[in-house]
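1. Structure for the following, please:
(2 chains)
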Amino acid sequence: MKEKIKILVVDDDTTIGEMLKAVLEFKGYDVIVSGKPNETEENIIANNIDLVLLDKLISGVDGTDVCSKIKNNENTAKVKVMMMTALHTAGPLCMEAGADAFMTKPFDMEILFKNVEDVLKQ
Amino acid sequence: MNDSLNTSDVSKLSVKELQQELLDAKQEIENLKNTSDNYKSLKRNIYSEFEEDIHIYKEMFYTSPILKAVLIGPNFIVKSANPAILQFLGKDEGLIGKPYLKEVPELEEQGLGNLLREVYKTGIPYSAIEMPVYLNINNQLVLSYYDFVYQAHRNIDGDICGVVIMVTDVSSRVKLNEELKISNHRFQELIFSSPGLIAVLTGKDFIIEIANDAIIDIWGKGPDVIGKPIFKVLPEILEQGMDKKFEEVFNSGKPLVAQEFPIMHERDGKLVEGYFDFIYQPQKDINGKIIGVAVIANEVSKTAKLNQKIRESELKFRQLANLIPDKISNADENLNTFYYNQSWLDYSGLTLDYLLENGWTELVHPDDVETITRIAEDALRTKSDVEMELRFKDKNGDYKWHLSRATAVRDENGDFQSWVSATTQIHKIKEEEKRKEEFLKMVSHELKTPVTSIRGYTQLLLSMIKENEAIKSSNIPLESSLRRIDNQINRLIRLISEMLDLSRIEDNQLVLQKSKFNINDLVEHTVQDIKISNPNSDVKIEHKFKTSIFADKERIEQVLVNFITNAIKYSPNSKNIDIKIFQEVEGKVSVSIRDFGIGITKAHIKKIFTRFYRVDGKNEETYSGFGIGLFLVNEIIERHEGTIKVNSKKGNGSEFIFTLNTI
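-> Numbers count the residues shown, from 1 in each chain, chains lettered A, B, ... in the order given. Just a heads-up that it's a prediction; the model follows:
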């Protein structure tokens, strides 16, 4: 049986992280939630992550910086990154930082599933 | 010595005696001869003197400019006539020896013959001054004036033998006098019929010599004031110190001019205040000595009072303008400011003179100069009202935001007069607005997190129920409850989004994420979503035209949701909503959303697209909402270069049509 896809959710707001974990696990993904954006690269490598759901605004850290680091680190560059933002206009900034997709909060679960599937297919 | 010498005696005489006799005789002869010479000389002298006198008299008679003639006898035969009288009568020397009255018959006709005869008869001389006499000169009767004397002429015995006439032509003098009289009359007329107030006061006591009717009327007196000292006649003006003014003019010889000078004067027995323009002009005699003062005045009470009112009114408005905390200025058509109120001075810390000299442009924030210049140029060209937001430097060097409104003031004919500008400091409002926007952004962002979370769990539960037949078939209304929660969450999300959009629009940050999509599909999809939360509504879609557009799909969906949910909300008694997609103009597509609800009055239609506007009225107020939905819709459509049209009638429902470009 194919190994489950592993998703890392990086968000300091645990309510979102926990919700995403519940929803995505229900859909059959393996989900790890982290509130520490600075440990993302290590987390990816340690847990063999396929996709990172990265919040744009994490207390004290800009998600785009985290995204850039992931994409510039050859050990993590191939991992898909989908950014989440509450700002409608932040999309281009995320894409510039190398994100593979972005979602505007609050998102519909159907859209979340579709986007996750789409980005993993890329 | 003996007188005679007889021959008998001679013999008796000695030779010596004879010689003596002879010598005596010789002496006698010599004496006689001398006497005769003296006599001759005397005679010659006397004759010469007489001749001289005659000559003088003749000279005097003939060369005199006075017309003279001597008439002899009862027929007044001209014995002599000087050239002056001959010329004057138009005669020559042929007149001499002829009867005077026959030769100059017009004199007899004018009664002068009788006068001559009277003098001839009585010997009493007759004299006349400036007598008008017509003379026939070249067959024309010419009027002239004469001073003349008719005097009896007497012979050596003292008997009257004729009449001497002496005439002076005084026509020119008479004419001059006549002209003087006319001129004087005119002068009097001018003074007396003048509506201006004229009086001439003479002497140190200022005796009223001349006063025309107008001034006497103003004085409230009668013509008996002439000859009286003015301050006796008008004691009230003495009390007002007018004597000082008269004396000043009298003593200095310089005229005094006053305008709108208030003087209390008597009117119908009461003292009233009047205003006068006047000149006190010194009057000089021919030697240049000041002999009095002429008063030439005009009553200007009406204009003066009007001017007074205008001045008072202007003062009032100036004070008013200075009391206003706003900055008020007034500029000419070239935008040169000629008035600044106190507020400008207080704010800028500059003096009025400095501002008048240098204008206000140097107070403008450098970043605003370009905009201001453009707006000012437009205003100069179009002369239409202007409104702008800009920053002005205050006295501490800090820039503060202001709202400046300039209105073109026009006269009755609509011609441009000046710019009046009112500039209000909106710095605090601006800052508040910015804070409010920041706050809105934060609020919506903060709200989104829990909402996202709730939504996730709700949808997770819904998905779980879908796969669990046991729960599905149980009596617990779990699924329907969760669906209602989901719908309410969607509604909440929409409200949060609108709030965020609003701050974005104000920040000019509403960026469109355009893509190509089918408008018909979007309408179908949106209606399906809405139907879920509004199962009682009957929304019909008519696809008269099918097309794709290039637009922000999410925003256009927002527009549709707004129109459709409004249609449902404002149609409490009707469940029908008709949607129609059609083409009216090539290259465009229109979507019409028609309801049969409460409708909108004409007055409100224009306003419903403004921010926070909610139709008032007892009924309308019961509908929920922020009053930002249509404002956002309008912004979104405008940013897509589309248009919105509203057809509505109170009580008859509304139709909203938006039109966008097709690809």
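
2. ok, now which ones touch residue A:85?
-> A:55, A:56, A:57, A:63, A:91, A:94, A:102, A:103, A:104, A:105 (CB atoms under 8 Å, 6 or more residues apart in numbering or on different chains). In this view, the C-beta of every residue, glycine as well, is placed from N, C-alpha and C.

3. Residues of chain A that sit close to chain B?
-> A:13, A:15-16, A:18-20, A:22-23, A:26, A:57, A:86-89, A:91, A:105-110, A:112 (CB under 8 Å from any CB of the partner chain).

4. can you redo the contacts of residue A:85 as TSV with neighbour count?
-> As requested, the contacts of residue A:85 are exported to TSV (neighbours: other CB atoms under 10 Å in any protein chain shown):
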residue	neighbour count
A:55	24
A:56	24
A:57	20
A:63	27
A:91	19
A:94	24
A:102	23
A:103	19
A:104	20
A:105	22
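
5. for those, which one is nearest chain B?
-> Of all the contacts of residue A:85, chain B sits closest to residue A:105, with 4.8 Å by CB to the nearest CB.

6. returning to that earlier point: now, which of the contacts of residue A:85 sits nearest residue B:425?
-> Nearest to residue B:425, judged by CB to CB, of these is residue A:57 at 35.6 Å.

7. Model confidence for the closest one, exactly?
-> Note for residue A:57: predicted pLDDT of 78.

8. go on, residue B:488?
-> Reported pLDDT for residue B:488: 85.

9. tally of neighbours for it?
-> 13 (other CB atoms under 10 Å in any protein chain shown).

10. So it: helix, strand or coil?
-> When classified by DSSP: H, G, I helix; E, B strand; the rest coil, residue B:488 comes out as helix.

11. do you know how far it is from residue B:494?
-> For residue B:488, the distance to residue B:494 equals 11 Å [CB to CB, to the nearest Å].

12. List only those of the residues of chain A next to chain B flagged as buried.
-> Buried residues within those, counting neighbours by 16 or more other CB atoms under 10 Å in any protein chain shown: A:13, A:16, A:18-20, A:22-23, A:26, A:57, A:86-88, A:91, A:105-109, A:112.

13. Restricted to helices, list those.
-> A:16, A:18, A:19, A:20, A:22, A:23, A:26, A:91, A:109, A:112 (DSSP state H).

14. Quick check: beta-bridge partners of residue B:136?
-> For residue B:136, the beta-bridge partners are residue B:141 (DSSP bridges).

15. which intervals of the chain have sub-threshold pLDDT?
-> In the absence of a named chain, this looks at chain A. Filtered on pLDDT under 70, chain A yields the residue ranges A:1-2, A:88-89.

16. not quite, I wanted chain B
-> Ranges of chain B meeting pLDDT under 70: B:1-13, B:506-509, B:614-626.

17. center of it - which residue?
-> Geometric centre of chain B, nearest residue: residue B:307, 11.7 Å, by CA atoms, centre = their mean.

18. One more: chain A?
-> With distances taken as CA atoms, centre = their mean, the residue of chain A nearest its centroid is residue A:53 (1.2 Å).

19. Enumerate every residue touching that residue.
-> Going by CB under 8 Å, 6+ apart, residue A:53 touches A:7, A:8, A:9, A:10, A:11, A:20, A:82, A:84.

20. want to throw the residues you listed into a markdown table with secondary structure?
-> Below are those laid out as a markdown table (three-state DSSP):
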| residue | secondary structure |
| --- | --- |
| A:7 | strand |
| A:8 | strand |
| A:9 | strand |
| A:10 | strand |
| A:11 | coil |
| A:20 | helix |
| A:82 | strand |
| A:84 | strand |
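
21. Show me which of those residues is closest to residue B:593.
-> residue A:84 (33.2 Å).

22. what's across from the closest one in the sheet?
-> residue A:55, residue A:103.

23. neighbours of it, just the number please.
-> Under the neighbour criterion other CB under 10 Å, residue A:84 is assigned a count of 28.

24. Tell me who's in contact with it.
-> With contact taken as CB under 8 Å, 6+ apart, residue A:84 is in contact with A:11, A:16, A:53, A:54, A:55, A:56, A:102, A:103, A:104, A:105, A:107.

25. Please, which helix or strand holds the third one?
-> By that I understand residue A:53. In this assignment (DSSP states H and E), residue A:53 forms part of strand A:51-55.

26. Please save the CA atoms from that strand in PDB.
-> Output of strand A:51-55 as PDB, limited to C-alpha atoms (Å, rounded to 0.1, in the frame of the first residue of the first chain):
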ATOM      1  CA  LEU A  51       3.500  19.300   1.400                       C
ATOM      2  CA  VAL A  52       3.700  22.300   3.700                       C
ATOM      3  CA  LEU A  53       0.600  24.400   4.500                       C
ATOM      4  CA  LEU A  54       2.200  27.600   5.500                       C
ATOM      5  CA  ASP A  55       0.400  30.600   7.100                       C
END
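
27. Show me the domain layout of chain B.
-> For chain B, the structural domains run B:64-176, B:194-306, B:324-425, B:431-500, B:513-661, going by automatic domain parsing.

28. Put together CSV for those domains, with distance to residue A:43 on each row.
-> Conversion of the domains of chain B to CSV gives the following (distance: least, CB to CB, whole Å):
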stretch, distance to residue A:43
domain B:64-176, 134
domain B:194-306, 91
domain B:324-425, 47
domain B:431-500, 22
domain B:513-661, 31
